[in-house]
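Student: Quick one: sequence plus predicted model below, questions after.
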Amino acid sequence: MTENLLAGESGGPAWRFSESDANGEFVLEGLLAKDYRLRALDPATLLIGETDPVPAGSVEVQVKLDTDKLYLRVAGRVIDHQGKPVVGASVSPMCDAFRLKHEGRTLSTSHATLDPAFTDAEGRFELRNLPKSLVYLRIDGEDIVPLEYGRRREADGGAGSGAEQAKSAPGLPVDRIESMEVTVSRRCHFQVALADPEFADELCVLDEEGVQVELSLFAGTGRREGARLPIQAGRTEVIACPDNGVTLVLRKAGAEVLRRNLELVPGEVLQVRN
């Protein structure tokens, strides 16, 4: 951005920021002669404060963080689709600290997070001092599909993706903030091998309501995800799928060519052949 160049920086993030000192004081350099909204984030709680527009060059500007807007306690239980507790899952508070937009679309997002809590033998977790808005919970574990619970979606899709994400769009439940029950999907796996490599070139999986679920391909520490994945030369890699996926749909050039039931079992790789 222009502000970066004016401040003498050619790289780094697309937005300017400064860390406050021990007195809470800060300076932002390289600004244009126009008004700016200033946003401050407390890294200990993720609490955010924002000003009205102020002109560049202003002094003694205050960005207030209202601690009355914190939940003193956030607690709940993580379960799977069978109602069984999920043990050892990490529950990390997160927020979208800043979004870069152009013509109404989100181009990039800066995330902030806190240290996680871990679910106990009953799937229970507890967190302290979380903001009453903008914060969501990232729930992850070795045998579950990651879920961003309570993350609000935007119309352009810039705030998240996936069927599980869509079901959690309203935000954290205010009326159950200390007794949340969060349902996650167990991670299952399948692989497709076609007798005729030209039969299909793409696949998706539907849940019981006919909604496409999020599929993932893991390679080392990387992950590729999407509602539809390609079939190359009649085969796929091993695909991670939530256990609520019940119907496999194969497509060729965008048209559906086959639909069949899936019987996924956590811990096993289902081999699918036609």
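Tutor: Structure's in. What do you need? Residues are numbered from 1 along each chain as shown.
Student: Tell me what residue 248 is bridged to.
Tutor: Going by DSSP bridges, residue 248 is paired in beta bridges with residue 205, residue 260.
Student: Spatially central residue for this protein, please.
Tutor: Nearest to the mean C-alpha position of the chain, by CA atoms, centre = their mean, lies residue 148 at 4.5 Å.
Student: Look at it and report its pLDDT.
Tutor: Model confidence at residue 148, given as pLDDT, is 92.
Student: what ranges do the helices span in the chain?
Tutor: 2-6, 163-167 (DSSP state H).
Student: I'd like to know which of the ones you listed has the weakest mean confidence.
Tutor: helix 163-167 (a mean of 43).
Student: distance of the closest residue to residue 195 other than its chain neighbours from residue 217?
Tutor: Spatial nearest neighbour of residue 195, excluding adjacent residues (CB to CB, 6 or more residues apart in numbering): residue 274 at 6.0 Å. All C-beta atoms are positioned from the backbone trio N, CA, C, and that covers glycine. The spacing between residue 274 and residue 217, counted by CB to CB, to the nearest Å, is 21 Å.
Student: How about residue 126?
Tutor: In terms of CB to CB, residue 126 sits 34 Å off from residue 217.
Student: Looking at those two, which one has more neighbours?
Tutor: residue 217 (16 against 13; other CB atoms under 10 Å).
Student: for that one, what are its contacts?
Tutor: 223, 224, 225, 229, 237, 238, 239, 240 (CB atoms under 8 Å, 6 or more residues apart in numbering).
Student: of those, the lowest pLDDT goes to which?
Tutor: Out of these, that is residue 223, at 74.
Student: For residue 137, see how far away it is.
Tutor: 19 Å.
Student: And these two? Which one has more around it.
Tutor: More crowded of residue 223 and residue 137, by other CB under 10 Å: residue 137, with 26 against 11.
Student: if I look at the more buried one, how far off is residue 171?
Tutor: 11 Å.
Student: what is in contact with those two at once?
Tutor: By CB under 8 Å, 6+ apart, the residues touching both residue 137 and residue 171 are residue 150.
Student: Now for this protein, the helix or strand with the poorest mean pLDDT.
Tutor: When the helices and strands of the chain are scored by mean pLDDT, DSSP states H and E, helix 163-167 comes last with a mean of 43.
Student: Local confidence estimate at residue 106?
Tutor: 69.
Student: With the one 5 residues further on instead?
Tutor: At residue 111, the predicted lDDT confidence score is 85.
Student: Pull the contacting residues for it.
Tutor: 94, 95, 96, 97.
Student: what is the residue nearest to the third one when sequence neighbours are not counted paired to in the beta sheet?
Tutor: What that stands for is residue 96. Nearest-residue entry for residue 96: residue 109, 5.1 Å, with adjacent residues in sequence omitted and distances by CB to CB, 6+ apart. Assessed by DSSP bridges, residue 109 has beta-bridge partners residue 99.
Student: so how far is residue 69 from residue 109?
Tutor: Taken as CB to CB, the span from residue 109 to residue 69 is 22 Å.
Student: which among the contacts of residue 217 end up buried?
Tutor: 229, 239, 240 (16 or more other CB atoms under 10 Å).
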